[in-house]
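Visitor: Provided below for reference: sequence and predicted model.
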Amino acid sequence: MSLSSRRGVPAATQSQASGPGLIPQTGAAIDVRHLRKAYRATVAVDDVSFSVREGEIFGILGPNGAGKTTTVECVIGLRRPDAGDIRVMGLDPQADREELHVIVGAQLQASALPGQLKVSEILDLYHSFYPDAADLGEIMDSLGLAEKRNAYYRSLSGGLKQRLSIALALIGNPKVAVLDEMTTGLDPQARRDTWQLIEQVRDRDVTIILVTHYMDEAERLCDRIALLDRGRIVAIDTPEGLAGRAGVDKRVRFAPSKSFDDRLLTGLPEVSKVERDGGHVIVTGSGDLANAVILTLAAAGVTAGGLHLDTASLEDAFVALTGRHLHDEIGRVHR
Amino acid sequence: MTAHAWLLPSRTPRSAFGKLLQSEIKVAWRVPLGLVLGVAVPVLVLVILGTVPGPDKPVKSFGGLTYFSIFFPILIALALAVISLISLPVHLATYREQGILRRMSTTPVPPSWMLAAQVIINLALAVVALGILVVAGTAGFGLGAPKAPGGFALALVLSIASMFAIGLWISAIARTAGAAGLIGQLFLYPLLFFSGMWIQQEHMTPALRQISQWSPLGAAVHALQDSMQGTFPSAQSLLILAGWAVLFGVLAVRFFRWE
C-alpha cells in the first residue's frame, strides 16, 4: 500500500501532462521539449518532452542505456542538446549555466570527491560555493553525517558516499535537485533511509528529478514518472496511472466476517469478477477497488478481515508498454 | 559561456576561491606528489653533489667557472620540469578521471578556479624548490648572486611560463592520471636531455645543440646561465621561451575538457 502514502496530485493536471504530445505548461519548474541528443551515430535521446511542476518529484525510469542520464545531463547544462528546448525555472541550461548552477543541485553518477579530504572539509568547501547556502549543521544532521565529519572521503562506505553526495546536491538550498541513480549500490536499509530523506526534501518544496531503474523506488517516491525506453518516452503518468495502462487488474483478497451474496459486489462498476477460495473472497477489478469493496461490505454489515491488495506494478506496466522487461540483466541490477 | 562567466561568475561568492585553494593545499600536503618530486628530487641531487669533492672549485675548461655554477640552472630546470610536467598534470588528470572536475562543473564555481588553484600551488612548490636550491647553493657551494639579476628574473619567469604551459596542455588532453604521467615523462626526459642534464650543451654535436637551443629547457638553461655569468640573456632564448609559453598556453585553453 505504499502508493497511498504519496502526496496527492490533482487529477486534472495529471492527465494534462500525460503522453508525449503534452501541452507545455507555463509556470513549470522544468520544461523539456523535443530534446534530441546523439553521440556520433548513436541516438541517446530522441524527441523527449516532459514538464515538471514546482515541488513535484518526477521520476525518469527505464533500463540501462535508455537515455535517462543523457536527459538529465542536458537539463543541468552538462551536455548541449542537438535539438530541442529546455527551461529550468525559466533558465536556458546552456545560455544561463552560471545562474542555473546556483539554483540546481545535482547528484551525478560517475562523479567523485577528493579522497584525501574529510567529510566536514568537503561540506564546508561546497557550502562556500553558493550565495544562499543551507545550514551546514542541519544538513549534516539530517543526512546522518555529523558523526562521520572527521572521516576521509576515501574511507567512507558506498552508502555514506551517496549520502554525502546527496548532501552536496542540497547544500546550496536548490530550487531543483537532480538525483541520478541515488540508491544504486546501497544496501536495503540505506535505500529506505535515503527514500525517507528525499521525502523530507520534498517537504521543503524542492522540485526533484529522480533517475532510477528501481520500480519500488519510483513507486514510493514519485508523483509522476516518465518511462523511457531506447531514447524515447513511452509514457508519462502517475505510478497508479501507469499501472492502470498496463491493463493489469487490481485484486482484493479478504476473509469476510459473515457470508454475503456475490451480487452485492458484482454490481459495482469497479468490480469485474468475484471468486471464492475456501474462506477467502478474491475480487478482481479496477479503479478505487479496495475502497468500493470495503464500503459496500460495511454497508451490508460485513467486515473484510485479513485484507490484502495486489496492484499491478510498474514492472507490469513497463512490459505492457514496451514488450520488454525493465531489467534484462536482473542479477546485475538487483545485487 | 562568456569569458567573464568562465572566470568571474557574478553569483559565486568570491570567498569560495580561498576555500578551494585551502582545500587543494590540504590535498597537496596529504598526497605530496609535487612536494616529493618537485622539491625532494632537486634537493637530493644537491646532496649528491655535496658529497663529491670539487663542485665549488673553478674548472679551467669552463673558463674558470665552478662546476656548480654551470650545473645550478640545470637543477632549476629539473625542479621546474618535474613540477610542471608531472605534479601538475597528474593531479588534474586524476581529478578528471575520478569525476571530481565533473562534479564541480555542476556548481556555481567555474572549474577554471580549480585550474588556477592548482597553478598557484605548483608555482608555490616551484618557489620553494628554487629557494632551497639558492640557499643551499649559496651556503654550500659558493654560489654567487646572478650578475644580471633583471635578466635572471626575466629568464626565470619565462621558463616557468613555458614549462607550466606545457604542463597545462598535458592536463588539458590527458583523460587519466596514467596517461598524464606517460605524456609527462615523454616530455620530461628529452627536455632534460636537451637542458644539458647529462651532456653539457657545450659538448653536444652541432645538430643536438641546435635542437637544445630551441627546446624550452635548453633555452631556459642558456638564458639562466648567461644571466648568472653577467650578460643579459640573448633575445633569442627569451623569445623561444615566450614562444613555447604562448603556443602551449593556447593549445591548453583550446583543448581543455572537464571530463
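Guide: Thanks, I have it.

Visitor: A:Q107 bridge partners, please.
Guide: For A:Q107, the beta-bridge partners under DSSP bridges are A:L179.

Visitor: who's in contact with it?
Guide: Taking Cβ atoms under 8 Å, 6 or more residues apart in numbering or on different chains as the definition of contact, the neighbours of A:Q107 are A:162, A:165-166, A:168-169, A:177-180, A:182. (C-beta placed from N, C-alpha, C; glycine too.)

Visitor: same check, this time on B:H222
Guide: Contacts for B:H222 were tallied using Cβ under 8 Å, 6+ apart; they are B:201, B:213, B:233-234, B:237.

Visitor: could you measure from it over to B:A81?
Guide: Noted for B:H222: a distance of 15 Å to B:A81, by Cβ to Cβ, to the nearest Å.

Visitor: do the same with B:F17
Guide: According to Cβ to Cβ, B:F17 and B:A81 sit 28 Å apart.

Visitor: buried ones in the longest helix seen in chain A, by neighbour count?
Guide: Taking residue count as the measure and DSSP state H as the definition, the longest helix of chain A comes out as helix A:188-202. Of the residues in helix A:188-202, A:190-191, A:193-195, A:197-198, A:201-202 count as buried by neighbour count, 16 or more other Cβ atoms under 10 Å in any protein chain shown.

Visitor: where do the helices sit along the chain?
Guide: Assuming you mean chain A. With DSSP H as the criterion, chain A has helices at A:11-16, A:68-75, A:97-103, A:119-127, A:136-142, A:158-170, A:188-202, A:215-221, A:239-245, A:263-266, A:289-299, A:314-322, A:330-333.

Visitor: my bad, chain B
Guide: Across chain B, reading from the start of the chain, the helices by DSSP H fall at B:3-7, B:15-30, B:33-34, B:41-51, B:67-82, B:88-97, B:100-104, B:111-141, B:149-173, B:177-195, B:206-214, B:216-229, B:235-255.

Visitor: save these as a markdown table, and put in mean pLDDT too.
Guide: As requested, those are arranged in a markdown table below (pLDDT from 0 to 100):
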| stretch | mean pLDDT |
| --- | --- |
| helix B:3-7 | 59 |
| helix B:15-30 | 93 |
| helix B:33-34 | 81 |
| helix B:41-51 | 81 |
| helix B:67-82 | 88 |
| helix B:88-97 | 93 |
| helix B:100-104 | 90 |
| helix B:111-141 | 89 |
| helix B:149-173 | 94 |
| helix B:177-195 | 94 |
| helix B:206-214 | 89 |
| helix B:216-229 | 91 |
| helix B:235-255 | 93 |
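
Visitor: looking at these, which is nearest to A:G267?
Guide: Evaluated with Cβ to Cβ, the helices of chain B place helix B:100-104 nearest to A:G267, the distance being 59.7 Å.

Visitor: which residues are in contact with the closest one?
Guide: Helix B:100-104 is contacted from outside by A:78, A:108, A:110-114, A:168, B:92, B:94-96, B:111, B:114, B:258-259, using Cβ under 8 Å, 6+ apart.

Visitor: just the CA trace of stretch A:32-46, in CSV.
Guide: Taking only C-alpha atoms (Å, rounded to 0.1, in the frame of the first residue of the first chain), the coordinates of stretch A:32-46 have been written out as CSV:
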residue,chain,number,x,y,z
VAL,A,32,11.8,19.9,-21.8
ARG,A,33,10.6,19.9,-25.4
HIS,A,34,11.6,17.7,-28.3
LEU,A,35,15.0,17.0,-26.8
ARG,A,36,17.4,15.1,-29.0
LYS,A,37,21.0,14.1,-28.4
ALA,A,38,23.2,11.8,-30.3
TYR,A,39,26.7,10.6,-29.8
ARG,A,40,28.1,10.1,-33.2
ALA,A,41,25.8,7.5,-34.8
THR,A,42,24.1,6.5,-31.6
VAL,A,43,20.9,8.5,-30.8
ALA,A,44,20.8,8.6,-27.0
VAL,A,45,17.6,10.7,-26.6
ASP,A,46,15.1,11.3,-29.3
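
Visitor: quick one: that stretch near chain B?
Guide: No - Stretch A:32-46 stays clear of chain B (Cβ under 8 Å from any Cβ of the partner chain), getting no nearer than 13.6 Å.

Visitor: may I see the buried residues of that stretch?
Guide: Applying 16+ other Cβ under 10 Å to stretch A:32-46 flags A:32-33, A:35-37, A:43-46 as buried.

Visitor: next one: stretch B:129-148 to chain centre, how far?
Guide: Its chain's average C-alpha position is 18 Å from that of stretch B:129-148, according to Cα atoms, centre = their mean, to the nearest Å.

Visitor: next, the buried residues of it.
Guide: Buried positions in stretch B:129-148, judged by neighbour count with 16+ other Cβ under 10 Å: B:129-130, B:132-133, B:136-137, B:141, B:143, B:146, B:148.

Visitor: any chance of those in CSV, plus distance to chain A?
Guide: CSV is the format used below for the buried residues of stretch B:129-148 (distance: Cβ to the nearest Cβ, whole Å):
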residue, distance to chain A
B:A129, 22
B:L130, 26
B:I132, 25
B:L133, 28
B:A136, 30
B:G137, 33
B:F141, 37
B:L143, 37
B:P146, 38
B:A148, 43
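
Visitor: how many other residues sit next to the closest residue to A:T266 other than its chain neighbours?
Guide: Nearest non-adjacent residue to A:T266, counting by Cβ to Cβ, 6 or more residues apart in numbering or on different chains: A:V274, 5.5 Å away. Number of residues near A:V274 (other Cβ atoms under 10 Å in any protein chain shown) recorded here: 19.

Visitor: can you check the one 5 residues further on too?
Guide: Counted with other Cβ under 10 Å, the burial measure for A:G279 works out to 10 neighbours.

Visitor: so what's it closest to, chain neighbours aside?
Guide: In space, not counting the residues next to it along the chain, A:G279 is nearest to A:A255; the distance is 5.3 Å by Cβ to Cβ, 6+ apart.
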